[in-house]
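Student: Sequence first, predicted model second:
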Amino acid sequence: MQKTEQYCEKKSSALKNTHTQKDAPKYFRSTSDGVLDDLWVKLSHEHERVASLFNTQSLVYDACCGIGPFVLPALIRKKPRRVIANDLNPESVKWLSENVKINKIKPERIEIHNMDANLFIKTKIAEDVVRLMAEESCSGEENRVEAHVVMNLPAYAVNFLPAFRGVLRKFKQEVDKVPEEKRWKWNVYCYLFAKSHVDVPDDWYEQEARRMCDEKTKWERSLVAKCHHVRTVSSRKEMFCVQLELPYDFLLTEPLPDDTSVEIEPEEAEEPSNKRVKTSS
Ligand SMILES: C[S@@+](CC[C@H](N)C(=O)[O-])C[C@H]1O[C@@H](n2cnc3c(N)ncnc32)[C@H](O)[C@@H]1O
């Protein structure tokens, strides 16, 4: 068995900025790999930022959950009504289950899957939202429920966006019964790297991040609602969290043919970010 460590003890100084010790989630990790530890700390503000967008009416779906840095703070502090987490790596989901236990979270508050994110989106997320929304639209109560789908696999996640196009088509009958004003909003948080091979103005990177998403959704208009800069990875590589709002005409349209031909890019070594030559727009 691999060595484990209690993460929050080792990195307690880094976590102090964002957690009070009392309600800080405790994490077990499956390795003591220094690069990953470093990345975790770099992203801790981002995990907190996204978790802060949830509330008790949120449905939270993490398509690439790792060992739980989005879903654990959300479960502990925001108490969303539904959390479903998924990761392709069986080790990640094993350690997420362990983290649920050590944080004394009731197991029924989270459902955990081990599958490809494309399949997770097309099956688990679609079925869950439609089932709950159809049940509650009949209740007459005013609910402000929103579905939030997090996809933090920045070297690849943009390729999961086509899976949302037409994802509710096979549930059209159920969705049609829900009046438009009662349909729940879909937010997707897609992490990605915007890269250039030449020096470009700083604002080029955000435009590129938006363009990459628009290219994948192939919709008549951009579905990008916000673009949040997460960190500078290297001199010409920026990481963003692009937030998309998906309308029901997009979710119910004809799906695109499956394209599984895109391969995940190997991560490049990080370079100091101060190498960029500033160019003006
Ligand atoms: C950058 S890590 C992010 C982990 C965690 N969400 C975080 O924010 O620290 C990306 C995760 O995506 C998972 N992953 C890779 N390919 C996947 C796929 N096709 N479907 C679902 N998860 C995948 C990896 O196992 C890994 O845990």
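Tutor: Ah, there it is.
Student: use CA for all of it now, contacts and neighbours both
Tutor: OK.
Student: need the residues of the chain near the ligand, please.
Tutor: The chain has residues 63-66, 69, 87-89, 92, 116-117, 152-153 near the ligand, with proximity defined as C-alpha under 6 Å from any ligand atom.
Student: Of these, which pair is most distant in space?
Tutor: Distances among the residues of the chain next to the ligand were taken as C-alpha to C-alpha; the most separated pair is P69 and D116, at 18.8 Å.
Student: Quick check on the residues of the chain next to the ligand: which are buried?
Tutor: With burial judged by 16 or more other C-alpha atoms under 10 Å, the buried subset of those is 63-66, 69, 87-89, 92, 117, 152-153.
Student: With adjacent residues omitted, what lies nearest to R231?
Tutor: Among residues not flanking R231 along the chain, M239 sits closest, at 5.3 Å (C-alpha to C-alpha, 6 or more residues apart in numbering).
Student: mind listing what that neighbour touches?
Tutor: 154, 191-194, 229-233 (C-alpha atoms under 8 Å, 6 or more residues apart in numbering).
Student: tell me which of those is nearest to E108?
Tutor: Top of the list for closeness to E108, among the contacts of M239 and by C-alpha to C-alpha, is Y191 at 28.1 Å.
Student: right, and the secondary structure at that closest one would be what?
Tutor: strand (DSSP: H, G, I helix; E, B strand; the rest coil).
Student: So it sits against C241, correct?
Tutor: Yes: under the criterion of C-alpha atoms under 8 Å, Y191 lies in contact with C241, with a separation of 4.4 Å.
Student: Show me the contacts of M239 that map onto helices.
Tutor: The helices, defined by DSSP state H, take in nothing from the contacts of M239.
Student: low-confidence ranges in this structure?
Tutor: Residues of the chain that meet the criterion pLDDT under 70 lie in 1-42, 140-143, 259-281.
Student: 90 instead?
Tutor: Applying pLDDT under 90 to the chain picks out residues 1-45, 48, 77, 134-144, 181-182, 256-281.
Student: need the helices for it, in chain order.
Tutor: With DSSP H as the definition, the chain shows helices at residue ranges 7-10, 12-15, 34-51, 71-73, 90-102, 117-120, 126-137, 172-176, 204-217, 248-251.
Student: For E111, see how far away the closest residue to E208 other than its chain neighbours is.
Tutor: Distances taken as C-alpha to C-alpha, 6+ apart put A194 closest to E208, at 6.1 Å, once the chain neighbours are dropped. Computed with C-alpha to C-alpha, to the nearest Å, the distance linking A194 and E111 is 32 Å.
Student: Of these two, give the one with the bigger neighbour count.
Tutor: A194 (23 against 13; other C-alpha atoms under 10 Å).
Student: So that one is in contact with A209, correct?
Tutor: Yes: counting by C-alpha under 8 Å, a contact exists between A194 and A209, whose distance comes to 5.6 Å.
Student: quick one: contacts for the closest residue to T232 other than its chain neighbours?
Tutor: Taking C-alpha to C-alpha, 6+ apart, and ignoring the residues beside it in sequence, T232 has E238 as its nearest neighbour in space, at 4.6 Å. Each residue near E238 by C-alpha under 8 Å, 6+ apart is listed here: 193-195, 205, 229-232.
Student: swap the cut-off to 7 Å and go again
Tutor: Shown here is E238, whose contacts under the criterion C-alpha atoms under 7 Å, 6 or more residues apart in numbering are 193-195, 205, 231-232.
Student: now, which of these sits nearest the ligand?
Tutor: Comparing the contacts of E238 against the ligand with C-alpha to the nearest ligand atom picks out F193 as the nearest, at 11.5 Å.
Student: Distance of the closest residue to that closest one other than its chain neighbours relative to Y205?
Tutor: Once flanking residues are discounted, F193 sits nearest to M239: 4.5 Å by C-alpha to C-alpha, 6+ apart. When C-alpha to C-alpha is applied, the distance between M239 and Y205 equals 9 Å.
Student: Need the residues touching each of those two.
Tutor: The contact sets of M239 and Y205 overlap at A194 (C-alpha under 7 Å, 6+ apart).
Student: Cheers, nothing more for now.
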